[in-house]
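K.L.:
Fold the following.
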Amino acid sequence: MKIHHFLFWIGYFFFWVFVYKGFYEDIQLLYKVTGIYLFAHAFIYYFTYYYLASKIFKNKSGFLLVISFFATAFLVAIGMYNIMKWGLDLDLEGLFNAHATQIIFVFASSNIFTPGILLAVKSFLENKKNLRHAEAMEKQRLETELQYLKSQVNPHFLFNTINSIFVLIKINPDKASETLIMLSNLLRSQLYEFSADTIDIEKELEYLENYIELEKIRKGNRLSLEFEKEGSLEGFQLAPLMLIPFLENCFKHLSTHTDKPNVVKIKIKRNTEGLEAMFYNTFDPSSRTNSGVVGGIGLANIKRRLELVYPNRYSLHIEKGKEDFKVNLKLQGFHD
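P.N.:
Reported below is the predicted structural model:
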């Protein structure tokens, strides 16, 4: 038995001894009667909780459990009557001025009330504990999911960037070295600087700019890029790596025209409601990667992150035109 259970029943015993000591001339008899009540109530409580509820009727009808609880209370009441009448040689009928059946009902009422209250309290505490545990597990699951979504690196981007660096090593070693440093900075930012729940917008923009520089090297003169910032961005905080998937998709689905510009436009602006980020890119309708879907797994991940981090505090609009993609994201700040 757990120590707090033992202490409870000790307290229970002496409480009722104190309550009824004025009704008994023989203190020994009071101890015996109180002991019988204690044993009966403790038996019903533990039998119901650890046997009936946990083994017999676990995950079954609660109605059958209640009926079994009442039946146990009455059977124990019959036992109490016989122990007091024959074991303690008490004239229960004269003491209660009632028939045996009525006395048994009195005992049964006590057997139902006290263990019932204890079981109700135990059930409440168990449900509260289970709820806290479920909330903790859900929180841990969401944090794990967030970390996974946040830490994902586009392997396609890494593969192409490394290939570009490999080619540059022979053509322009200095440029290859510069590109490798930018790639290293991107990965270091993901590992260390973006481990917090929120970061300053400046760090996110620096990451975007480094990413753009790498893509410029890969795309060369075929790329027409505009990056505009509007409003006072300083001091705004957001969840890390929240914007990069949209930029990744701009380049992933970028057109490969040879007779006209392949355009990427990014506009980040701050207003009274928060942050607004707009991404635009042209694409080739005949490309297989652009047929039928907008974005792919990157956008699926970012949508999930938005739901977890910005519940009811964001709007995302994605529009696919005949030859372009447009994304408009609005976020409410954490510290506006």
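K.L.:
could you say what helices and strands the helix or strand bottoming out on mean pLDDT in the chain packs with?
P.N.:
Counting by mean pLDDT, DSSP states H and E, the chain has its least confident helix or strand at helix 155-171, which shows a mean of 75. Secondary-structure packing of helix 155-171 (3 or more C-beta pairs under 8 Å, 6 or more residues apart in numbering; DSSP states H and E): helix 173-188, helix 201-219, helix 244-252. All C-beta spots, glycine's among them, are computed from the backbone N, C-alpha and C.
K.L.:
what's the spacing between the helix or strand hosting G35 and its chain's center?
P.N.:
Per DSSP states H and E, G35 falls inside helix 27-47. On the basis of C-alpha atoms, centre = their mean, to the nearest Å, helix 27-47 sits 45 Å off its chain's mean C-alpha point.
K.L.:
can you give me phi and psi for L238?
P.N.:
Main-chain dihedrals, L238, degrees, to the nearest 10: phi -150, psi 170.
K.L.:
scratch that, L64
P.N.:
Here the main-chain torsion angles of L64 (degrees, to the nearest 10) amount to phi -70, psi -40.
K.L.:
what's around it, how many residues?
P.N.:
L64 is flanked by 12 other residues according to other C-beta atoms under 10 Å.
K.L.:
ok, residues contacting the helix or strand where A73 lies?
P.N.:
Taking DSSP H and E as the definition, A73 sits inside helix 62-82. With contact meaning C-beta atoms under 8 Å, 6 or more residues apart in numbering, helix 62-82 is reached by 36-37, 40, 43-44, 47-48, 52-53, 56-57, 92, 100, 103-105, 107-108, 110-112, 115-116, 119.
K.L.:
Try it again at 10 Å.
P.N.:
For helix 62-82, contacts defined as C-beta atoms under 10 Å, 6 or more residues apart in numbering pick out 33, 36-37, 39-41, 43-45, 47-49, 51-53, 56-58, 61, 87, 90, 92, 100-101, 103-116, 119.
K.L.:
Please apply the same query to stretch 14-26.
P.N.:
Residues outside stretch 14-26 that contact it (C-beta under 10 Å, 6+ apart) are 27, 30-35, 37-38, 114.
K.L.:
mind redoing it with 7 Å?
P.N.:
Outside stretch 14-26, the residues that touch it by C-beta atoms under 7 Å, 6 or more residues apart in numbering are 30-31, 34, 37.
K.L.:
next one: stretch 178-198
P.N.:
For stretch 178-198, contacts defined as C-beta under 7 Å, 6+ apart pick out 150-151, 153, 161, 164-165, 168, 203, 207, 210-211, 213-214, 217, 237-241, 334.
K.L.:
Buried residues of it, list them for me.
P.N.:
Across stretch 178-198, burial judged by 16 or more other C-beta atoms under 10 Å covers 179-180, 182-183, 185-186, 189-190, 194.
K.L.:
what about that stretch, how long is it end to end?
P.N.:
End-to-end distance for stretch 178-198, by C-alpha to C-alpha, to the nearest Å: 29 Å.
K.L.:
if you average pLDDT over that stretch, what comes out?
P.N.:
The average of the pLDDT scores along stretch 178-198 is 77.
K.L.:
residue ranges with poor pLDDT in the stretch 51-200 of the chain?
P.N.:
Residues of the stretch 51-200 of the chain meeting the criterion pLDDT under 70: 59, 140, 143-157, 160, 191.
K.L.:
The nearest residue to F57 once chain neighbours are set aside and Y51, how far apart?
P.N.:
Distances taken as C-beta to C-beta, 6 or more residues apart in numbering put L65 closest to F57, at 4.2 Å, once the chain neighbours are dropped. L65 sits at a distance of 11 Å from Y51 (criterion: C-beta to C-beta, to the nearest Å).
K.L.:
Looking at the two, which one has more neighbours?
P.N.:
For L65 versus Y51, the count of surrounding residues by other C-beta under 10 Å is larger for L65: 16 against 13.
K.L.:
circling back: please pick the buried ones from the contacts of stretch 178-198.
P.N.:
150, 161, 164-165, 168, 203, 207, 210-211, 214, 217, 237-241.
K.L.:
Which members of these are the farthest-apart pair?
P.N.:
Pairwise distances across those peak at 36.0 Å for L168 and Q237 (criterion: C-beta to C-beta).
K.L.:
For stretch 101-115, list every residue counted as buried.
P.N.:
For stretch 101-115, a neighbour-count test (16+ other C-beta under 10 Å) marks 103-104, 107-108, 110-112, 114-115 as buried.
K.L.:
May I ask which two of these are separated the most?
P.N.:
I103 and P115 (18.9 Å).
K.L.:
what's the spacing between the most far-flung residue of the chain relative to its centre and K85?
P.N.:
Taking C-alpha atoms, centre = their mean, the residue of the chain most remote from its mean C-alpha position is G94, at 62.3 Å. According to C-beta to C-beta, G94 and K85 sit 11 Å apart.
K.L.:
The residue nearest to E234 when sequence neighbours are not counted: neighbour count?
P.N.:
Excluding the flanking residues, the one nearest E234 by C-beta to C-beta, 6+ apart is E202, at 7.1 Å. For E202, the neighbour count with other C-beta under 10 Å is 13.
K.L.:
before we move on, what about L38?
P.N.:
16.
K.L.:
Begin at 890, not 1, for the rest of this chat.
P.N.:
All right, first residue 890 from here; so that's L927.
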